[in-house]
Structures are given as C-alpha cells and as structure tokens.
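S.K.: would you be able to build a 3D model of this:
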Amino acid sequence: MGNFFGSIWWLVVTLGLLVTFHEFGHFIVARKLGVKVLRFSVGFGRALWRRVGKDGTEYVVAAIPLGGYVKMLDEREGEVDPAEAHLSFNRKSVATRFAIVAAGPIFNLVFAVAAFWAMFVIGKPDFQPLVGKVEGIALASGFERGDRIVKVAGEPVLTWTDATLFLAKAAIDRLPTPVEVVDARGSTRVRTLDLTQMAPQAHDLGIRAIGFVPSQFLIPAVVAEVSAGKPAARAGIVPGDRLLSVGAVEIVDWSDVSAAL
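M.R.: Alright, predicted model coming up:
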C-alpha cells in the first residue's frame with residue numbers, strides 16, 4: 001500500500017513539474033512579446049492558493065494537478081479597455097501568436113533534456129560488478145568469488161547494471177562470451193562464459209540465472225541468537241560467531257548454511 005501511495009505522490013509531482021514548465025513557457029513568451037496575462041494557473045478546479053502580483057497577473061495553484069492554463073487578454077473573450085487593446089492576444093501577428101502557443105511544448109522539451117542531463121551528471125545508485133559467489137554456468141566456466149567484471153564481449157563494464165545488460169544480450173544468442181575480470185589477487189584474466197549451456201527454453205537471462213551472485217547480495221553468516229538446549233548451543237556456538245564452514249562445505253553467506261546442513 002505504501003508503494004501505491006508513493007507512486008501516486010511521484011505521479012502528482014511529475015505532472016506538476018511538467019504542467020508548470022509548460023504553462024510557464026506560454027506565460028513568459030506572452031509577456032516578452034507584449035501580451036497581457038490575466039491568470040497563470042497550475043492545476044484545475046478549486047484554488048488552493050491565489051495571489052495577484054504587482055503586474056496584475058493572478059497566480060493560482062488549483063486542486064487537480066492534471067493540467068493548467070494561461071489566460072491572456074483577448075477581445076474575443078470579453079470587453080477590453082481600449083487603452084489595453086494593443087496588449088490583446090488577438091491583436092498580435094500570426095508569428096507572435098504561433099510563438100506563444102509553441103512555447104509550452106518547447107519548454108517541456110527543454111525540461112526533459114535538462115532532466116536527463118542532470119540525471120547523467122548526478123548519476124544514480126548502483127553496485128560495483130563484484131562477484132560474491134558463483135554457481136551453475138559461471139562456476140563451470142571458471143569464474144571465482146572475488147572476480148570484478150571489467151568487460152563483457154569487449155564492452156566496458158562499470159556497474160552491475162552494465163554487466164546485466166551485456167550478459168543478457170549474450171545469453172539471448174547462447175554463444176560462448178569472453179568476460180574480462182580482475183580476480184581477487186588483482187590479476188587481469190579473460191574467462192569464457194559458456195552460455196551454450198543455457199536451456200533453449202530459458203526465459204530468465206539475468207545474472208542469477210547465469211550463476212553470478214553480486215557480493216552486495218550476500219548476507220554474512222553471522223550468528224545473532226542461539227536457542228538454549230539446541231544442537232548449536234550444545235556445540236558451543238555463541239552470538240557473534242561467523243560460520244566459515246559446515247563439515248567440508250565452505251560457507252559464503254546464510255543461504256549456504258541451510259544447504260550444507
């Protein structure tokens with residue numbers, strides 16, 4: 001339920017930004033080209049906030065954020081003071097009116113470009129392509145815990161998102177794929193990922209299906225609590241112990257413990 005309301009909130013914020021930039025385009029170009037703006041409204045319906053500026057324009061934030069409008073002085077919509085007739089939208093040239101109408105979509109385009117530019121400059125959270133555990137095809141292909149993926153089929157890899165995209169593309173073709181890694185000892189190696197082993201009907205082409213488990217996904221096998229009288233307590237295990245092996249089976253994370261037991 002929290003995710004649902006969170007999505008609704010960000011939908012409202014996004015629409016609000018788009019509407020504001022769109023209407024601001026109409027507003028600022030109309031003002032610059034000598035048209036009087038009577039009202040600048042973000043949203044429809046009942047006004048939640050209203051203010052009249054020194055320029056005579058009424059600024060409004062309304063309850064329904066699904067659009068907005070800029071109301072300009074226009075002789076076709078009512079009587080206009082003759083002293084202000086030259087400020088009417090309908091008195092302007094075709095080129096001026098076209099510029100005012102086109103300004104909204106153009107401002108949306110500029111906003112989209114600026115938003116994407118900011119996203120690439122600021123970046124986004126992601127994980128280093130560091131292998132925490134190998135299974136299945138990756139294990140059979142010689143990959144090791146601690147490998148950091150550097151390239152997939154010659155394509156540079158900086159994050160797990162990069163690795164996932166390039167590996168999924170290679171998995172579609174089911175071809176042996178060279179993967180350059182820096183191993184846990186710091187040596188650069190090229191390992192061949194034998195994707196011919198993937199089942200022809202397999203639909204999951206993600207890193208987990210191939211056998212890579214990112215190190216960030218691993219939960220250290222550290223004991224938080226030991227039940228009195230149980231085998232673990234009788235064996236002397238205490239809270240804070242980190243399990244390294246069960247019998248001859250190496251323990252990398254908690255998922256290994258249940259499998260080994």
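
S.K.: now the helices for the stretch 51-200 of the chain?
M.R.: 94-122, 136-140, 160-173 (DSSP state H, counting those that start in this stretch).

S.K.: select, out of the ones you listed, the one closest to Val213.
M.R.: helix 136-140 (8.8 Å; CB to CB). For the C-beta atoms, the positions are set from N, CA and C on the backbone; glycine is no exception.

S.K.: once you drop chain neighbours, what's closest to Leu175?
M.R.: Leu195 (6.1 Å; CB to CB, 6 or more residues apart in numbering).

S.K.: could you redo the helices of the stretch 51-200 of the chain as JSON lines and give each row mean neighbour count, distance to Leu18 and mean pLDDT?
M.R.: Shown next, in JSON lines, are the helices of the stretch 51-200 of the chain (neighbours: other CB atoms under 10 Å; distance: least, CB to CB, whole Å; pLDDT from 0 to 100):
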{"stretch": "helix 94-122", "mean neighbour count": "13", "distance to Leu18": "6", "mean pLDDT": "91"}
{"stretch": "helix 136-140", "mean neighbour count": "17", "distance to Leu18": "43", "mean pLDDT": "92"}
{"stretch": "helix 160-173", "mean neighbour count": "18", "distance to Leu18": "26", "mean pLDDT": "89"}
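
S.K.: where do the strands sit along the stretch 101-250 of the chain?
M.R.: 131-134, 148-152, 155-156, 176-182, 188-194, 212-214, 245-246, 249-250 (DSSP state E, counting those that start in this stretch).

S.K.: wait, which of those is closest to Ala114?
M.R.: strand 155-156 (27.0 Å).

S.K.: and that closest one, what does it pack against?
M.R.: helix 160-173 (3 or more CB pairs under 8 Å, 6 or more residues apart in numbering; DSSP states H and E).

S.K.: what helices or strands is the helix it packs on leaning on?
M.R.: strand 148-152, strand 155-156, helix 207-210, strand 212-214.

S.K.: quick one: the longest helix belonging to the chain to helix 94-122, angle?
M.R.: Secondary structure of the chain per DSSP state H: the longest helix is helix 2-32. Interaxial angle, helix 2-32 versus helix 94-122 (axes from the mean of the first three to the mean of the last three CA atoms, to 10 degrees): 140 degrees.

S.K.: and stretch 24-33, how far out from the chain middle?
M.R.: On the basis of CA atoms, centre = their mean, to the nearest Å, stretch 24-33 sits 32 Å off its chain's mean C-alpha point.

S.K.: what of stretch 166-174?
M.R.: How far stretch 166-174 lies from its chain's middle: 23 Å, per CA atoms, centre = their mean.

S.K.: contacts for it next, please.
M.R.: Outside stretch 166-174, the residues within contact range by CB atoms under 8 Å, 6 or more residues apart in numbering are 152-153, 155, 157, 177, 193, 195-196, 198, 200, 205-207, 209-210, 212.

S.K.: and the residues you listed, which two are the farthest apart?
M.R.: Val157 and Pro200, at 26.4 Å, using CB to CB across the contacts of stretch 166-174.

S.K.: of the two, which one has the most company?
M.R.: The residue with more neighbours, out of Val157 and Pro200, is Val157; 22 against 6, by other CB atoms under 10 Å.

S.K.: quick check: that one touching Leu130?
M.R.: No: with contact defined as CB atoms under 8 Å, Val157 does not count as touching Leu130 (11.0 Å).

S.K.: which residues do the two both contact?
M.R.: Ile149.
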